[in-house]
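Student: here is my input, please return the structure:
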Amino acid sequence: MSTFPDGIRFSVLDRSRTRVGEDAPQALRDTVRLAREIEALGYHRFWVSEHHGVPGVAGSAPTVLAAAVAAATSRVRVGTGGVMLPNHQPLVVAEQFGVLESLFPGRVDMGVGRSVGFTDGIRRALGRDKDDADRFAEQLTELLGWFTGRQTAHPQVHARPAEGLRVPPFVLATGEGATIAAAAGLPLVVGDLRGRDRLLAAVDAYRSGFRPSPWADEPYVVVAGTVAVAATEAEARQLLIPEAWSLAYSRTQGVFPPLEAPERIEGLAMTEKQRGFYESGLSGHVHGTEDQVAEALGRAVEETGAQEVLVTTSTYDRAALSESYRRLARAVGLTPRTA
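Tutor: Residues are numbered from 1 along each chain as shown. Below is the predicted model of the structure:
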């Protein structure tokens, strides 16, 4: 197995995917259950995501879900990957994280991104439009100012209980977003591992433009991607099938469906367009045996100089999902936590 640099961290992002025949509350409860497993395995962080109006994803309120995760765990860091800042007022985001940090001091991360709702209908429901993503740098500055007490947009207002608290911020981005993270002096979360050239370009732009800030003295890079580990490469590939089909279906039918069993998906009669999206969804992800995955992640860390790897895996079989994370923890040399 690959030997990783001293201090390299491994963390998990869960998107609270629903399964066929199960409801959203079950997916959310399973996210909390998985967080406890991830903590016991020795992972550094457990993050949740933000999606709106997506049938196959239950995680629509990440700060609320993060509170449930933090309450059910005791040592793993908890945060968001991420709150989509253009969907919210920075004051409200600061207040939410201020409450989280007050309840769970020293364990909360504030990951933010610049995406807006992915359909016109959702954007209208959120009171946003595509152009709001262009205000991300301005919103990020305001958000950080609510914590430091130095925001100038609303000088007579103070964020309670956020002001004076230190909640580590992270920017989820590539391209222009990586440049914004560098200018703000914040850690960068960049993915996915399939887009090597784009990933390396974003990391290079981030490092070259990084300016030290009160939040970070030097660049900090988290590389993110889908990882699946099993006893054989073929079994690991099976874990990728439910998500690949869900993506293919969404791109041809306009609906992001719950995850289905790989055995059923392999028997489907797909259109040529669906088949193309499906095969694309299966390709390029890090998957295989423990040795194969450790080697692939080792290369990614070496190429990017990343200090941390953020892993996400979505599959139908929850037992297989847990086993994948157990195998990955063993492959990269994590030390299990004891009660």
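
Student: so where do the strands sit in the stretch 151-300 of the chain?
Tutor: 169-172, 188-191, 221-229, 286-288 (DSSP state E, counting those that start in this stretch).

Student: give me the sheet partners of the second one and which way each runs.
Tutor: Right, strand 188-191. strand 169-172 (parallel), strand 221-229 (parallel) (DSSP bridges).

Student: repeat that for the shortest one.
Tutor: Each strand paired with strand 286-288, and its direction, by DSSP bridges: strand 221-229 (parallel).

Student: for the strands paired with strand 188-191, which one sits closest to residue 301?
Tutor: For residue 301, the closest of those is strand 221-229, at 7.3 Å, according to C-beta to C-beta. The C-beta positions use only the backbone N, C-alpha and C, and glycine is treated the same way.

Student: where exactly do the helices run in this structure?
Tutor: Using DSSP state H, the helices assigned to the chain run over residues 24-41, 62-72, 90-103, 120-126, 136-148, 176-184, 196-209, 233-253, 262-266, 272-282, 290-304, 318-331.

Student: where's the second one relative to the chain centroid, distance-wise?
Tutor: For helix 62-72, the distance between its averaged C-alpha position and the chain's averaged C-alpha position is 15 Å (C-alpha atoms, centre = their mean, to the nearest Å).

Student: avg pLDDT for it?
Tutor: Averaged over helix 62-72, pLDDT sits at 97.

Student: again, but for the fourth one
Tutor: Mean pLDDT, helix 120-126: 73.

Student: please state the offset of that helix from the chain centre?
Tutor: 22 Å.

Student: now swap in the shortest one and tell me
Tutor: Shown here is helix 262-266, whose average C-alpha point lies 26 Å from the average C-alpha point of the whole chain (C-alpha atoms, centre = their mean).

Student: ok, residues contacting it?
Tutor: 238, 239, 241, 242, 245, 315, 316 (C-beta atoms under 8 Å, 6 or more residues apart in numbering).

Student: centroid residue for the protein?
Tutor: For the chain, the residue sitting closest to the mean C-alpha position, by C-alpha atoms, centre = their mean, is residue 81 at 3.7 Å.

Student: between the two ends of stretch 212-219, how far is it?
Tutor: One end of stretch 212-219 to the other measures 8 Å (C-alpha to C-alpha, to the nearest Å).

Student: got the buried residues for that stretch?
Tutor: By neighbour count on 16 or more other C-beta atoms under 10 Å, the buried set for stretch 212-219 is 215, 216, 219.

Student: again, but for stretch 144-155
Tutor: 144, 145, 146, 147, 151.

Student: distance to residue 224 for these - can I get that in a markdown table?
Tutor: Conversion of these to a markdown table gives the following (distance: C-beta to C-beta, whole Å):
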| residue | distance to residue 224 |
| --- | --- |
| 144 | 22 |
| 145 | 27 |
| 146 | 26 |
| 147 | 24 |
| 151 | 29 |
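
Student: for the strands paired with strand 188-191, which one sits closest to residue 64?
Tutor: strand 169-172 (18.9 Å).

Student: next, format the strands of the stretch 151-300 of the chain as JSON lines and append mean neighbour count.
Tutor: Shown next, in JSON lines, are the strands of the stretch 151-300 of the chain (neighbours: other C-beta atoms under 10 Å):
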{"stretch": "strand 169-172", "mean neighbour count": "26"}
{"stretch": "strand 188-191", "mean neighbour count": "27"}
{"stretch": "strand 221-229", "mean neighbour count": "25"}
{"stretch": "strand 286-288", "mean neighbour count": "24"}
